[in-house]
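Visitor: give me a 3D structure for the following:
(3 chains)
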Amino acid sequence: METIVFLISAVVILSGSLGVIFSKNPVHSALFMVQTLFGVAVLFVLLEATFLAAIQVIVYAGAIVILFVFVITLLGVDSAEDLKVEPISGQRPLAVVLGASIFGIILTVLIAAVGGPTGAQEANTSIGDAVDNTRILGETLFSKHVFSVELTALLLTVAVVGAVVLSTRPKGSLISTLGGSRDDASEDDTEEKGRE
Amino acid sequence: MIITTTWYLSLAAVLFSIGTTGLLVRRNPLIMFMCIELMLNAVNITFVSIGSHLNDLGGQLAVFFVLVVAAAEVVVGLALVVAIMRRQSGTNADDLKILGG
Amino acid sequence: MIDLVWLIPAFPLLGFLTLICLGKAIKEPVSGWLATIAMAGSFLSSLIVFIGMLSEENENRQTVFTLFDWIPAGDFKVDIGFLADPLSVTMCLFITGVGTLIHLYSIGYMHGDSDFSRFFTYLNLFAFSMLMLVLGDNLLLTFLGWEGVGACSYLLISFWFSNPANATAGKKAFITNRVGDWGFMVAMFLIFFNFGSLQYLEIFDILASNQIAQTTTTFIVLMLFVGAMGKSAQFPLYLWLPDAMAGPTPVSALIHAATMVTSGVYLLTRVNPILVEASAWSTGLIAWVGAGTALFAASIAVAQTDIKKVLAYSTVSQLGYMVLAVGCGAYTAAIFHMITHAFFKALLFLGAGSVIHGMDGEQDLRRYGGLRSLMPITAATFIIGWLAIAGVPPFAGFWSKDEILAFAWDKNPLLWFVGLITALLTAFYMTRQVILTFFGKPRYLDAGDAGDAGDAGDAGDAGDAGDAGDAGEMQPHESPWTMTFPLMALAFLSVVGGLIQLPFSSSTKWLEHWLEPAMFHNETHLHLSGSTLWVLALLAFVSVAAGIGIGISTYLKEKIDKQIFEKPILNNAWYFDSMVSKVMGGPGFQVFSAVAKFDKRVVDGAVNGTGQIVKKTASILRRSQNGLVRTYALGIGVGAVGLLIWFLARTTI
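Guide: Numbers count the residues shown, from 1 in each chain, chains lettered A, B, ... in the order given. Below you'll find the model as predicted:
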């Protein structure tokens, strides 16, 4: 049973990722990405990390990819890239070689290693089963790692503020003097075109 | 056959290498970002599978934080992409070579 | 009292600094007296140090006084320090003594010259450099003085530089010296490389304790000898000395008779432990070069017509004797001859200057004659100088020359024979000079304008003492007391100078005992029986008498035709000078321009080429900075894979 689920989710993940990198249309890439993320979520459930699976779907697939799609819509990137041409010579072969070698190295380590991965147990906390996982995770997070959690909250706040700051372009404000003094006229045109 | 941890790890390895190749080959900044996300997912799989193998919660905690940071990173990165792309429409990564010598 | 040794060079330095700042303001004769007093102070300090050294025991007489660190560069450490030992103090004594007398003389000689103060500025600077040369406790300080005296020699020879011939003579002196300096520098490099130090005492200690290869010491000695050849005017680097007579006569007396030219001999004597370690053929070479130069120069002096040129070649010849002595290992004899030569050669030069001054600038011997009655003091002192240089006992020259001849006989009888012939020639040409100048009928009254200056334009003197003649007519007259007093003092010294090293017994050989601490028992011991010495002395005396006799009969009695001796080839110095000019100007110039081209293309090219290579490499490497993110990402990927592979290779799976 587990085998079948694993194999199916593996197929889903891999085909999705291949779709991401091979699609011409960025929206298609985004959709393939959602497919990959779903596959990963299934894998998490298989590994009894139920909370993470949920979070994966909600955050990754549900927020991040939506963000991607929004930006694609906003910018209207459709034909900016011609996949047949590669301007930098040697980039593609080298990229393939690199990917293959990374995979090869990891595979070598995995096969040659005796007895599977080892490591010191960190918190002596067990994962718990699928049902209990959420509770245990929550307890550990907010007792032992509460500091990190607060930091991540700060991080998210900063990221949001930064995003807002980076995206505004009112004239005569700090942003336009910092970022865009050159093509203000053309920016207006682009924005109007994009907002169609 | 029994699915051991090695299977999960090798799956993650494949995903990671696909993501790397995609990052180096594609020129569209948004798709490059998505490839980065693929790589992060591969790492997440690794963490969770080893955590499950060792029966340790640390793996899942790591994934939790990776997730949060990835989210923040995407937010800021896409804001940057927006800010740059607004100026010249239809650009890709190869057109940003002002820092070239 | 020996620690007052720093005063010895300090006085002339102070004089030089004062005169260079205030020289224009201080006119004559105050600047001259200032310089003379500075030299006198230096002489007094030398005397004090000498007396202080006399009261010490023999072993304690060699002390080093370090003033301060000069070059502390890692392994290479050089201080400004003075080595006060009998040799340096002896040199200081006669340098400052003769120097003071010549300064005094110059006050009278340069009277009326528009550059009076400049002359004394240079003279004091010269004295300072010479004293640093002699007193330095390491080779670099000696070299400092060496270069300093070379520079001052240039400045003083071309003192009247408005005449281009004088300027050329100065340049010739400097450049020829430079060739010698190259040898000195190579020797210094070698010494530092092999011994690790340039300090004399340290070098000698290392020599005594270690085994330095004989080829090394031989090469060092040869290089030092090249330096000595340049300064002490040995063949073939003697060319500058006759031309240097273009300078004022006191310059010739001080620099080219008593002090600078002796610095080469001093250097070789100072490093006598190295000479002893060198192979026998190198010291033999030194001896032969010395003897050859002596004979060569003496033969040229026979046919010279300028009073100063005779003395110049005579100086080269006498220096040849000193170098011969060094080559035979007779260091005390060399120093002895140096001292006596300083006395009588300075005397002769100053006397010649007095004659020139009295003859209003005429320097040609053929225009002199019968000046004995008109310049009595000059004539008397000049005659004493003549007897001294010819080697007539009991004057000083006899004792010193005889000692050198004895050592030469011991080394190689042929060397002795060359020395003997030279002594004969010396007596002959000096007799010729004396007779032509002071005896016979006055040829200056013969037809022809006698009032113009000789070849080198000395300062014509305006108000003379006792001049009662008309403006256009030659009235030879005696010189003022500032010029005759030094003559008398030097004449006295030429008479009694021989007393410091009489060869009769060990107790009379005062100079040898005095110089022992500096000689480290390296003197060659003379294994001649007493009778041999007497025979040698007698033969020397016979040759001197023969020379004087032939001279008198040729020039005074005019029984022998003088054209036998005054051949043109001798007058033109065996055409060596013109040959050198032809070689250097012709094929030599080709070689030099080729060397210059090599320097420009290869050496400069290598330096510039390094820069070019860097530039080209940089422009190639620049292409990796293309600003494309994907290239950089590829770089990161490649690096990451590389690291992984490396870690994988290290671990054993």
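Visitor: once you drop chain neighbours, what's closest to the most centrally placed residue in chain A?
Guide: Closest to where the C-alpha atoms of chain A average out (Cα atoms, centre = their mean) is residue A:60, at 6.6 Å. Spatial nearest neighbour of residue A:60, excluding adjacent residues (Cβ to Cβ, 6 or more residues apart in numbering or on different chains): residue A:37 at 4.8 Å. (Glycine included, C-beta is placed from N, CA and C.)
Visitor: so what's the residue count around that neighbour?
Guide: Neighbours of residue A:37 under the rule other Cβ atoms under 10 Å in any protein chain shown: 23.
Visitor: equivalent analysis for residue C:167, please.
Guide: Residue C:167 has 17 nearby residues by other Cβ under 10 Å.
Visitor: is it true that it touches residue C:158?
Guide: Yes - between residue C:167 and residue C:158 there is a contact at 4.6 Å, judged by Cβ atoms under 8 Å.
Visitor: quick one: the helices in chain A?
Guide: Under the criterion DSSP state H, chain A contains helices at A:2-22, A:26-46, A:50-55, A:65-75, A:91-112, A:133-143, A:146-167, A:174-178, A:184-194.
Visitor: and the third one, what's buried?
Guide: Within helix A:50-55, the residues that count as buried by 16 or more other Cβ atoms under 10 Å in any protein chain shown are A:50-53, A:55.
Visitor: of these, closest to chain C?
Guide: Relative to chain C, the closest of the buried residues of helix A:50-55 is residue A:52; by Cβ to the nearest Cβ it sits at 26.6 Å.
Visitor: nearest residue to that closest one in space, please, no chain neighbours.
Guide: residue A:44 (4.9 Å).
Visitor: how about the residues of chain C near chain A?
Guide: C:628, C:630-631, C:634, C:637-638, C:640-641, C:644-645, C:648, C:653 (Cβ under 8 Å from any Cβ of the partner chain).
Visitor: quick one: pLDDT of residue C:46?
Guide: Note on residue C:46: pLDDT of 92.
Visitor: and it, how many neighbours?
Guide: The burial count for residue C:46: 27, using other Cβ under 10 Å.
Visitor: next SSE downstream of whichever strand or helix holds it?
Guide: Counting by DSSP states H and E, the element that carries residue C:46 is helix C:30-54. Later in the chain than helix C:30-54, the nearest helix or strand by DSSP H and E is strand C:63-73.
Visitor: the residue in the stretch 201-350 of chain C positioned nearest to chain B: what's it in contact with?
Guide: For the stretch 201-350 of chain C and chain B, the shortest gap (Cβ to the nearest Cβ) falls at residue C:223, measuring 53.5 Å. Residues counted as contacts of residue C:223 (Cβ atoms under 8 Å, 6 or more residues apart in numbering or on different chains) are C:183-184, C:186-187, C:190.
Visitor: which element, helix or strand, includes it?
Guide: Using DSSP H and E, residue C:223 falls in helix C:214-231.
Visitor: for chain A, which residues are neighbours of chain C?
Guide: For chain A, the residues in contact with chain C (Cβ under 8 Å from any Cβ) are A:88, A:91, A:94-95, A:98, A:101-102, A:105, A:108-109, A:112-113.
Visitor: what is the burial count for residue B:27?
Guide: The number of residues packed around residue B:27, counting by other Cβ under 10 Å, is 23.
Visitor: kindly report the same for residue A:112.
Guide: For residue A:112, the tally of surrounding residues (other Cβ under 10 Å) stands at 11.
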